[in-house]
Structures are given as C-alpha cells and as structure tokens.
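J.: build me a model from this:
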Amino acid sequence: MNRLDPDTVQALLEEGVTLVTTHGLNIVIAIVVFILGRMVAKKLAGLTKKLMNKSDVDETLTTFLRNIVYYILIAAVTVMALGQAGINVTSFLAILGAAGLAIGLALKDSLSNFAAGVLLILLKLFKKGDYITAASSSGTVTAINIFNTVLTTPDNKVIIVPNSSVLSGTIVNVTANDTRRVDLVMGIGYDDDLLKAKQLLKKIISEEPRVLAEPATLIEVLELADSSVNFAVRPWCKTEDYWGVYYALTEKVKLVFDLEGISIPYPQTDVHLFKADK
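T.: Below you'll find the model as predicted:
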C-alpha cells in the first residue's frame, strides 16, 4: 500500500482547514436559518388554522390550507438555507418552476375542483345535511370535500359530484329554510258542488296538525281543465314535515271526497261511431 508523503498530508489538512474556515460559518448560519425558519413556519401555520377556526371555516379546508401554508414556508426556508450555505439555487428554482408548471397542467381539472371546493366551503351555499339539486343530481349532502361533493339519494345511492360542476351550475337548496310550501292540485268533476268541495278542502287542511297557521293556506280554483275543475291547495309546514304532510293530505282528500260524494275525474276519451251511408 502506498503511503501519502508528509507534504501531501500537510496540503490536504491545510485545504480542509481553509474549507472549514471559509464555508463553516455559512453552513452553521444555514442550519440556524433552517431551524428557526421551520419554527416560524409552524407558528404561522398554526396561527392560520386558529384564525380560520375563529371564522368558522370548515375543518377540512382549515387543515388543508394550514398544510399548504406550512409547506410553502418550508420550501422558502429551504431555499434560503441552501443559498446561505453557498449553494447555487438558481438552477434548483428553475427545475422547481418547470416541475410546478408541468404538474399544474397535468392537474388542471383537479385544481379547478379544488378552487371550486374552497369557494363552496367559504360561501356556505349549502352545508352537510341539506337536500340539494346540483349538476343534475339530487340528494342529501353527506360531505363537502376539497375536490368533490358527496350526495346520498333517498333510495340510499351515493353520488359524487365534482365541485367545479356544482359551482358552475344552478344550485337548488331544498332545505335551506325552516318552512316549505306544499303544492297540491286537487280536481273535482264539473257536475260536483264546487263550494262544498272547497269547504271540505279547508276542513281537511285545518285538521292536519303539521300545517302551519302562518303563512295562511291558499285554496282557490286553479283552472277549468278538460275533464275537471282543479283547485290549487297551498299549505305551509316545517321543512322536515314536507313529505309527511304531502302524503297525508293526498290520502285524506281521496277518502273524504269519496265519503261526501265528490268525484275525482280521471282522463277519458269518448269515441263516437257514425254509420257510413252506403
């Protein structure tokens, strides 16, 4: 084995001492910058989360944005530390920028859904538990995620709708208000007693305990149809009682009309036969 001569060893030691003397302080400062920067990043990310919690922002969005703030700050601190250590970060930033552009183009639709999700949560157009119609889909909102909204239909199907589709279309929030109007159309025959039928409808409505006194129920003749005289029956109820009231009133009207001799016409066609002349 060849041994290094004393002059070579001495040269290496001197070069090492020079390197440590020249760059050692910068490396120490870079480490300190990274440690302190990381602490500051944690503090600022935590402060961001606290501010959003005070503003009653959704927990999912709060956690996500807190992490975004933290990692952006960590990236900035890392670049500062590398620069302080004497490393040329220009090429690193160029590569990082190109990678960011490529990722942004590849995830264009996902970023669109993310932006829409942030707006949906901030604007509070609907909340978990609301029954909505959006993007041609209807159901109860079970989750508002960053990229999609999850709906559950009355027959227990799960619909996952991209947030961009929800935000770009018309949103109907069925359960946004505490009360709803039940729209019913009840028809009677032309030969039936119109005033008697109207009084029976009023009586049926007054006996339904879930119907609200205010706003007052509207019961008026809606139209003279082809085979029936149609009444518009518009009672109000609590939103959670809507379908119960709808079904109960429909059944009660049929039973009471049958009992009182009021007919409920159904579409029919009269066919007239003429004997042709020979």
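J.: distance check, the residue nearest to Lys49 when sequence neighbours are not counted against Ala116.
T.: Taking C-beta to C-beta, 6 or more residues apart in numbering, and ignoring the residues beside it in sequence, Lys49 has Arg66 as its nearest neighbour in space, at 4.3 Å. C-beta coordinates here come from the backbone N, C-alpha and C atoms, glycine included. Between Arg66 and Ala116 the computed distance is 20 Å (C-beta to C-beta, to the nearest Å).
J.: for whichever strand or helix holds Ala143, buried residues please.
T.: Per DSSP states H and E: Ala143 is located in strand 137-144. For strand 137-144, burial by neighbour count (16 or more other C-beta atoms under 10 Å) applies to 137, 139-141, 144.
J.: cool, and stretch 219-227?
T.: Within stretch 219-227, the residues that count as buried by 16+ other C-beta under 10 Å are 219, 222.
J.: tell me which residues are up against it.
T.: Here stretch 219-227 makes contact (C-beta atoms under 8 Å, 6 or more residues apart in numbering) with 185, 187, 189-190, 194, 198, 201-202, 205, 229-234, 265-268.
J.: low-confidence stretches in the protein?
T.: Scanning the chain for pLDDT under 70 picks out the ranges 1-25, 56-61, 64, 85-89, 91-96, 98-109, 268-270, 272, 276-278.
J.: and the strands in it, which stretches?
T.: Taking DSSP state E, the strands of the chain run over residues 131-134, 137-144, 148-152, 158-162, 171-173, 179-181, 184-188, 218-224, 229-234, 236-238.
J.: could I get these as JSON lines with distance to Thr62?
T.: As requested, the strands of the chain are arranged in JSON lines below (distance: least, C-beta to C-beta, whole Å):
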{"stretch": "strand 131-134", "distance to Thr62": "23"}
{"stretch": "strand 137-144", "distance to Thr62": "13"}
{"stretch": "strand 148-152", "distance to Thr62": "18"}
{"stretch": "strand 158-162", "distance to Thr62": "22"}
{"stretch": "strand 171-173", "distance to Thr62": "23"}
{"stretch": "strand 179-181", "distance to Thr62": "32"}
{"stretch": "strand 184-188", "distance to Thr62": "44"}
{"stretch": "strand 218-224", "distance to Thr62": "45"}
{"stretch": "strand 229-234", "distance to Thr62": "43"}
{"stretch": "strand 236-238", "distance to Thr62": "32"}
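J.: pull out the buried residues from stretch 110-125.
T.: Judged by neighbour count using 16+ other C-beta under 10 Å, the buried positions of stretch 110-125 are 112-114, 116-118, 120-121, 125.
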